[in-house]
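Trainee: Give me a model of this one.
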Amino acid sequence: MQNNIASIVWTENIQNASTISKMTDNEYLGALHKRFGDFLGQLKLTGKRSSFPLSLSIAEKYVTNNFAVIGDAAHGYHPIAGQGLNAGFRDVAALVDVITSARDRGENFSLLNVLNRYQEWRRFDNQTLGFATDNFNKFFSSYNPLLRSVRNYGMKIIEGSGYGKRAFMKQAAGLNGDLPTLMR
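Mentor: Take a look at the predicted model:
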């Protein structure tokens, strides 16, 4: 956390989200502390709270002749650890690689057969990430006491392990797998 300021994304089912969004700031801070414990230390609000429904969405097709969708136009994830932003950066970098490679070979980079290379490269990663963030969200929003214990224990292990924390952060930053040139 920089300057002890953080953005918190709190996901809930629709009924609980409605109740939480109607809380006063003090009630909200109390509920947040109850949910997170002392993990983040003493909390205070520095801005306006907002609430909106979340859903997973991934475009069936990313490309057509002369056109490609990237980032949030191609996929919508739960806002967990900036994964949508990171995936958008990877989309841009992959599209740049595909276009540059096609240009260097004298191909028309706006044709469907060229743009399909971008779609084939990014779609599986985006589907996998979408599935992971959707299930991560479900896991972290569960009230099941056993799942909560496993979740809390797992977070403590990751936090206390240098290697585990670095591996988790590298994965969260999207620095694993077949990276585009701009991301290496």
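
Trainee: Which strands or helices does the lengthiest helix in the chain pack on?
Mentor: If you go by DSSP state H, the chain has its longest helix at helix 112-140. In terms of contacts (3 or more CB pairs under 8 Å, 6 or more residues apart in numbering; DSSP states H and E), helix 112-140 is packed against strand 57-58, strand 63-64, strand 67-68, strand 75-76, helix 83-104, helix 145-160. (Each C-beta comes from the backbone N, C-alpha and C, glycine too.)

Trainee: So which bits of it are buried?
Mentor: 114-119, 121-123, 125-126, 129-130, 133-134, 136-137, 140 (16 or more other CB atoms under 10 Å).

Trainee: Now do that helix and helix 145-160, the angle between them.
Mentor: 110 degrees (axes from the mean of the first three to the mean of the last three CA atoms, to 10 degrees).

Trainee: between helix 112-140 and helix 83-104, how big is the angle?
Mentor: For helix 112-140 against helix 83-104, the angle by the same axes, to 10 degrees is 170 degrees.

Trainee: Give me the mean pLDDT for helix 112-140.
Mentor: Mean pLDDT, computed over helix 112-140, is 91.

Trainee: Please list the residues outside the helix or strand of the chain with the lowest mean pLDDT that contact it.
Mentor: One helix or strand of the chain scores below all others by mean pLDDT, DSSP states H and E: helix 162-172, with a mean of 77. Among residues not part of helix 162-172, those counted as contacts by CB atoms under 8 Å, 6 or more residues apart in numbering are Ala81, Gly82, Gln83, Asn86, Ile157, Ile158, Glu159, Asn176.

Trainee: and the closest residue to Leu182 other than its chain neighbours, how many neighbours does it have?
Mentor: Leaving aside its chain neighbours, Leu182 sits nearest to Ala93 (3.9 Å; criterion: CB to CB, 6 or more residues apart in numbering). When neighbours are defined as other CB atoms under 10 Å, Ala93 has 19 of them.

Trainee: And the helices and strands packed on helix 112-140: which comes nearest Trp10?
Mentor: Nearest to Trp10, of all these, is helix 145-160, at 14.5 Å by CB to CB.

Trainee: from memory Pro180 sits against Thr100, does it?
Mentor: No - using CB atoms under 8 Å, Pro180 makes no contact with Thr100, being 10.0 Å away.
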